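> the sequence isn't on hand, but the structure is:
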């Protein structure tokens, strides 16, 4: 599988996968049932804000190919590639924060709604270890936040 990558302020075009629709075009060209996309919700928001994209159009292009979800939250504020210590960025609300869902600005309900007709894969709630004390409260949060998830054919969930 291929994942939509997070953008960086200092190298905005390091990879075609930072723009989700371009990644979807690559999938269309590959056209193989064993190859799919991993949609990273935090990366989607970062790309939308950095490039001025319409996340709904980007997601529409990706949706038919998504077989795996990396679900986490952030505030859509990109960082520089050399800013590797996420713990330094968290207090500033920047970067690929991997916060628990509902803690930032990723539109989870809308994303779930767009994916519902297509998605038959796996979901992983990707949360950084700094939020480990919150893990017990996160069990079941997906179902509470995303009532549409019941309509999704297979909603396997893991925290990690």
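Noted; the coordinates are in hand. Computed from a prediction, not measured in an experiment: that's the story for all the values here. Numbers count the residues shown, from 1 in each chain.

> give me every residue that touches the residue positioned nearest the centre of the chain.
In the chain, the residue lying closest to the centroid (Cα atoms, centre = their mean) is residue 41, at 1.6 Å. By Cβ atoms under 8 Å, 6 or more residues apart in numbering, residue 41 lies in contact with 69, 70, 71, 72, 73, 106, 108, 111. Every residue, glycine included, has its C-beta placed from N, CA and C.

> residue 17 now?
Residue 17 sits in contact with 2, 3, 4, 5, 23, 26, where contact means Cβ under 8 Å, 6+ apart.

> the third one against residue 46, yeah?
No - in terms of Cβ atoms under 8 Å, residue 4 does not count as a neighbour of residue 46; the distance is 9.6 Å.

> so residue 39 belongs to a helix, correct?
No - according to DSSP: H, G, I helix; E, B strand; the rest coil, the state of residue 39 is strand, so it is not within a helix.

> any idea how far residue 114 is from it?
To residue 114, residue 39 is 10 Å away according to Cβ to Cβ, to the nearest Å.

> residues shared between the contacts of the two?
Both residue 39 and residue 114 are contacted by residue 59, under the criterion Cβ under 8 Å, 6+ apart.

> just the ones in strands from the contacts of residue 41, please.
If you go by DSSP state E, those have 69, 70, 71 in strands.

> how about the first one: what's its closest non-neighbour residue?
The reference is to residue 69. residue 123 (4.4 Å; Cβ to Cβ, 6 or more residues apart in numbering).

> what's the answer for the second one, then?
With Cβ to Cβ, 6+ apart as the criterion, residue 70 has its nearest non-adjacent residue at 4.2 Å, and that residue is residue 40.

> wait, that neighbour touches residue 7, no?
No - with contact defined as Cβ under 8 Å, residue 40 does not reach residue 7; the gap is 11.6 Å.

> what strand or helix carries the closest residue to residue 20 other than its chain neighbours?
Nearest residue to residue 20, sequence neighbours excluded (Cβ to Cβ, 6+ apart): residue 58, at 4.0 Å. Assigned by DSSP states H and E, residue 58 belongs to helix 55-62.

> since we're on the residue nearest to residue 20, how many residues are nearby?
For residue 58, the tally of surrounding residues (other Cβ atoms under 10 Å) stands at 22.

> contacting residues for it?
19, 20, 21, 24, 44, 47, 48.

> confidence score at it?
What the model reports for residue 58 is a pLDDT of 96.
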